[in-house]
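A.B. asks: Provided below are the primary sequence and the corresponding predicted coordinates.
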Amino acid sequence: MTSQQIRQKFLDFFESKQHRIVPSAPMVVKDDPTLMFTNAGMNQFKDIFLGNRPAKDLRVADTQKCLRVSGKHNDLEEVGVDTYHHTMFEMLGNWSFGDYFKKEAIEWAWELLVDVYGLDPDRLYATVFEGDAADNLEADTEAEELWKKFLPSERVLRASKKDNFWEMGDQGPCGPCSEVHIDLRSDEERSKTNGRDLVNADHPQVVEIWNLVFIQFNRKADSSLENLPDKHVDTGMGFERLCMALQGKTSNYDTDVFSPMIAKLEELSGTEYGRSNLSEDIAIRVVSDHIRAVAFSIADGQLPSNTGAGYVIRRILRRGIRYGYSFLGFNQPFIHNLVPTLVDQMGDSFPELKSQKDLITNVIKEEESAFLRTLDKGIERFNSYVSGLKSKTVDGTFAFELYDTFGFPIDLTELLAREKELKVDIQGFEAGLQAQKDRSRAATATESSDWTVLKKDDREEFVGYDLLETDVFITRYRKVSTKGKEFYHLVFNITPFYAESGGQVGDTGYIEANDQKTFIFDTKKENDLIIHFAKELPENPEAVFKAVVNAEKRQATKLNHTGTHLLHAVLRDVLGEHVEQKGSLVSPEHLRFDFSHFSKVSDEELALIENRINAKIRENIQLDEQRNVPLGKAKEMGAMALFGEKYGDVVRVITFDPSFSVELCGGTHASATGDIGLMKITSESSVAAGIRRIEALTGQAALDAVNESYNQVSLLKQTLKTKDPLASIEQLQTKVKELDRKIESLNAKAALGLKSELLAKAEQRDDYRLIREKVSLDDSNAIKNLCFDLKKETGLVALLGAVVNGNPSLHLVISQDLVDSKGWNAGEMIRDLAKHINGGGGGQPTYATAGGSKSDGLSEALSGEFLQE
């Protein structure tokens with residue numbers, strides 16, 4: 001049975017049980033501040049479990065693309081080392097929202113696994129919750145008895161809260177769970193050791209394949225439990241592990257989920273998986289896993305970057321590159337060559353891969369090229385470090401620097417060290433790593449109290465498309481603490497405040513009652529719940545409030561949001577229909593628009609784009625806003641659905657002339673394009689391979705920018721006394737270059753004479769000469785050339801100080817013969833010397849420099865002893 005057939009049988013089975021089959025949510029999460037990535041199938045239904053919205057369907061099923069890089073059994077550094085854990089994985093799931101419960105969930109699980117898939121029932125085990133005294137919970141005997149209808153008692157096992165009680169987080173819905181495990185060992189191995197002894201023991205062939213969660217409690221902030229009004233079922237079955245069981249394999253990587261990727265890697269690397277050495281096998285598993293995580297993330301709109309979710313993706317990709325570089329012999333970009341194989345394999349089930357194939361390929365290739373350059377620099381840094389190393393141990397702090405700055409895993413540092421017969425201080429490295437993790441946790445730590453519910457309300461309603469002021473009451477609130485600050489989350493019955501989403505920032509304003517104003521400094525979404533941020537709680541939270549949105553900021557934001565729609569339409573018209581939105585920021589101050597395009601937008605193209613947008617503004621095209629349009633009908637109207645965005649069954653369509661701009665959008669907009677007045681593009685740049693960024697101003701901000709530029713040009717004309725300031729500036733630049741050349745020539749002559757003076761002043765030590773002088777040269781290039789001339793001498797150490805453009809600098813030269821005979825290293829010595837001028841520095845063993853801010857420290861640096869005989 002192929003993996004495609006296995007996936008389809010699951011969906012068909014639950015469709016026959018009256019479940020609605022829903023598409024996978026994006027793997028990248030945008031409207032939940034508690035998550036970066038979808039890490040479980042239930043994430044898209046979180047609001048239903050929390051009671052923030054009712055379920056439209058009481059029974060649903062899907063296959064969900066998930067990503068995990070931390071938590072139980074999901075440490076990134078372990079993926080690929082074993083044969084059954086992954087970063088990106090599929091989770092097959094079925095849900096009941098207040099409908100069926102344990103009986104149906106367990107009976108259907110058995111029916112699917114045994115009757116439909118044909119798994120051997122003698123190899124199956126079930127675990128149930130054993131109870132927990134601290135939570136005052138008894139064992140789940142109901143699930144236990146249900147399983148005993150299908151399994152002998154000795155294969156129905158009780159397990160602890162750690163393994164068999166599922167919780168969404170520190171607070172929220174939770175409940176006991178029942179796991180299905182399968183023993184995939186040979187009959188001979190099974191006869192030696194009873195499978196029940198290996199359940200939950202991390203055995204690679206006795207593994208959990210399905211978790212049935214029975215959500216019936218709510219965990220409060222004080223850790224106590226309360227019953228939920230409705231009981232839910234949330235199940236998750238690991239697709240890759242199920243394929244392993246059904247295809248008779250003992251490793252997920254041996255299934256047809258991964259075998260095409262592994263075959264391609266064998267072809268590219270010339271290695272043979274399973275018959276090569278252990279390191280090569282691990283590298284092949286790492287790359288086969290990581291390409292999936294990276295490709296799906298890019299398809300969902302998350303590009304590699306240095307922050308947040310983008311940093312996670314970059315870290316995953318770089319780990320794959322490192323393993324290919326270290327163990328498979330790849331010193332050129334190679335992972336991007338796997339994208340066509342992945343698309344062929346999974347593109348039918350996940351069409352975003354097909355649609356975004358070129359973008360995925362180009363982004364990965366550029367990231368690979370950049371990181372391989374970084375690896376080369378890291379290796380240079382390592383070689384420079386060990387050249388002056390006195391001991392046989394690489395310091396753990398330095399190993400962590402390589403990891404943090406250059407992306408070196410500790411095993412790569414150990415490999416480089418072994419080649420030079422050195423060891424690495426692992427304990428020191430791990431201390432640095434733990435300190436980094438602690439800092440990260442502290443920076444993101446957020447504590448919140450339980451919701452204080454004032455009034456029951458099924459669902460908050462947004463009325464801000466039509467109203468900027470309205471009467472509201474607070475339905476619930478909670479206190480939040482993060483980064484040493486405290487504030488409140490407020491939820492209203494209705495709200496005119498727009499919550500940050502779709503690139504548009506959240507509204508600000510205030511609520512007022514009894515002449516007391518409580519200011520709202522931000523508005524965000526937590527899934528479908530609109531949360532208003534306030535620094536304080538109103539004196540009487542149960543009052544009726546007048547809610548008022550900051551109208552000036554909203555108006556400016558509306559103009560910028562409509563501006564992004566005009567920009568998107570004109571970009572597709574000028575550059576081609578390959579252009580798709582890949583991100584945006586819409587604030588009162590400006591707009592930012594990221595889009596797919598594989599070359600720089602030329603100045604001529606930018607001018608044409610800006611002119612066409614302003615022509616559309618002058619046309620004063622009226623807004624056509626349609627709400628609650630079925631998604632299918634919206635697409636028929638020509639509205640584009642963006643990959644990585646989550647749409648409901650009905651959507652809002654924003655149109656400015658059906659032949660020009662039709663988009664699915666939940667943001668606020670100008671009533672007509674003429675309201676914008678003017679758009680001015682301020683910059684065009686690259687975000688990543690195949691992704692460009694345009695920033696622009698609209699309305700008064702655009703007019704102010706144009707006036708400022710006009711005034712600057714007028715002032716230039718007055719100052720230069722010319723009607724053509726550009727020509728005058730070019731003449732001045734030519735004169736400056738001529739003067740610079742003359743100064744450089746004079747400095748070179750001065751440096752030549754200075755070299756003789758310095759050598760004459762050299763202090764003779766036992767077997768070398770020492771120069772310590774402050775030089776009067778104020779040209780850094782001249783100082784550098786002087787140092788290079790001094791480097792040609794033998795038996796010489798020269799420490800020079802200078803002040804260039806008001807900034808102190810130190811320059812240390814050690815002749816090559818002294819580096820060889822005494823082991824001196826200018827790059828290391830300069831770091832301590834730099835402390836005298838409140839700075840830092842580095843360089844090579846023979847020449848190093850340091851810059852700082854404390855000029856008074858030069859004399860102290862030049863007079864002290866820094867050479868160890």
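C.D. replies: Nice, thanks for sending it over. Residues are numbered from 1 along each chain as shown.
A.B. asks: give the residue spans of this structure that score low on pLDDT.
C.D. replies: Low-confidence segments of the chain, defined by pLDDT under 70, span residues 70-75, 276, 441-445, 458, 643-644, 869.
A.B. asks: could you point out the longest helix in it?
C.D. replies: helix 725-761 (DSSP state H).
A.B. asks: show me what that helix packs onto, helices and strands only.
C.D. replies: If you count contacts as 3 or more Cβ pairs under 8 Å, 6 or more residues apart in numbering; DSSP states H and E, helix 725-761 packs onto helix 699-720, strand 769-774, helix 780-791. Placement of C-beta: from N, CA and C, glycine included.
A.B. asks: residue 288: which of these is closest?
C.D. replies: Checking the helices and strands packed on helix 725-761 against residue 288 by Cβ to Cβ gives helix 780-791 as the closest, at 48.2 Å.
A.B. asks: that closest one - contacts with which helices or strands?
C.D. replies: Counting by 3+ Cβ pairs under 8 Å, 6+ apart, helix 780-791 packs on helix 725-761, strand 796-804, strand 807-814, strand 847-851.
A.B. asks: could you dump these into CSV with mean neighbour count and distance to residue 606 added?
C.D. replies: Rendered in CSV, the data for the helices and strands packed on helix 780-791 read as follows (neighbours: other Cβ atoms under 10 Å; distance: least, Cβ to Cβ, whole Å):
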stretch, mean neighbour count, distance to residue 606
helix 725-761, 13, 19
strand 796-804, 22, 38
strand 807-814, 23, 37
strand 847-851, 21, 38
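A.B. asks: need the ones you listed in TSV with distance to residue 518, can you?
C.D. replies: Converted to TSV, the helices and strands packed on helix 780-791 look like this (distance: least, Cβ to Cβ, whole Å):
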stretch	distance to residue 518
helix 725-761	52
strand 796-804	55
strand 807-814	49
strand 847-851	50
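A.B. asks: for residue 300, see how far away the residue nearest in space to the middle of the chain is.
C.D. replies: Centroid-nearest residue in the chain, with Cα atoms, centre = their mean: residue 309, separated by 1.6 Å. As judged by Cβ to Cβ, to the nearest Å, residue 309 and residue 300 stand 10 Å apart.
A.B. asks: same thing with residue 45?
C.D. replies: 18 Å.
A.B. asks: these two: who's more crowded?
C.D. replies: residue 300 (27 against 22; other Cβ atoms under 10 Å).
A.B. asks: what's the closest non-adjacent residue to residue 279?
C.D. replies: Leaving out its chain neighbours, the residue that sits closest to residue 279 by Cβ to Cβ, 6 or more residues apart in numbering is residue 327, at 4.6 Å.
A.B. asks: surely that neighbour touches residue 280?
C.D. replies: Yes: judged on Cβ atoms under 8 Å, residue 327 makes contact with residue 280 at a distance of 5.3 Å.
A.B. asks: report the angle between the longest helix of the chain and strand 796-804.
C.D. replies: Angle, helix 725-761 to strand 796-804, by axes from the mean of the first three to the mean of the last three Cα atoms, to 10 degrees: 140 degrees.
A.B. asks: compute the inter-axis angle for helix 725-761 and helix 780-791.
C.D. replies: Going by the same axes, to 10 degrees, helix 725-761 makes 30 degrees with helix 780-791.
A.B. asks: what angle separates helix 725-761 from strand 769-774?
C.D. replies: Between helix 725-761 and strand 769-774, the angle comes out at 140 degrees (the same axes, to 10 degrees).
A.B. asks: how far away from the center of its chain is helix 725-761?
C.D. replies: A distance of 48 Å separates the centroid of the chain from that of helix 725-761, by Cα atoms, centre = their mean, to the nearest Å.
A.B. asks: which elements pack onto the following helix or strand past that helix?
C.D. replies: Sequence-wise, the next helix or strand downstream of helix 725-761 (DSSP states H and E) is strand 763-764. Contact here means 3+ Cβ pairs under 8 Å, 6+ apart; on that basis strand 763-764 packs against strand 769-774.
A.B. asks: between the strand it packs on and strand 807-814, how big is the angle?
C.D. replies: Using the same axes, to 10 degrees: strand 769-774 against strand 807-814 is 170 degrees.
A.B. asks: what's in contact with strand 769-774?
C.D. replies: 758-759, 761-763, 790, 793, 795-802, 858-859, 862-863, 867 (Cβ atoms under 8 Å, 6 or more residues apart in numbering).
A.B. asks: list the buried ones in stretch 764-782?
C.D. replies: Judged by neighbour count (16 or more other Cβ atoms under 10 Å), stretch 764-782 contains these buried residues: 768, 769, 771, 772, 773, 775, 777, 779, 780, 782.
A.B. asks: from the contact counts, what lies against the helix or strand hosting residue 173?
C.D. replies: Residue 173 belongs to strand 172-183 when assigned by DSSP H and E. Using 3+ Cβ pairs under 8 Å, 6+ apart as the contact test, the elements touching strand 172-183 are helix 46-50, helix 102-110, strand 124-129, helix 141-147, helix 161-164, strand 165-167, strand 206-219, strand 225-238.
A.B. asks: please repeat the previous calculation with a cut-off of 7 Å.
C.D. replies: For strand 172-183, the packing partners by 3 or more Cβ pairs under 7 Å, 6 or more residues apart in numbering; DSSP states H and E come out as helix 46-50, strand 124-129, helix 161-164, strand 165-167, strand 206-219.
A.B. asks: and the last one, which strands flank it?
C.D. replies: This means strand 206-219. In the sheet, strand 206-219 lines up against strand 172-183 (antiparallel), strand 225-238 (antiparallel) (DSSP bridges).
A.B. asks: now do it: distance to the chain's middle.
C.D. replies: With Cα atoms, centre = their mean, you get 28 Å for strand 206-219.
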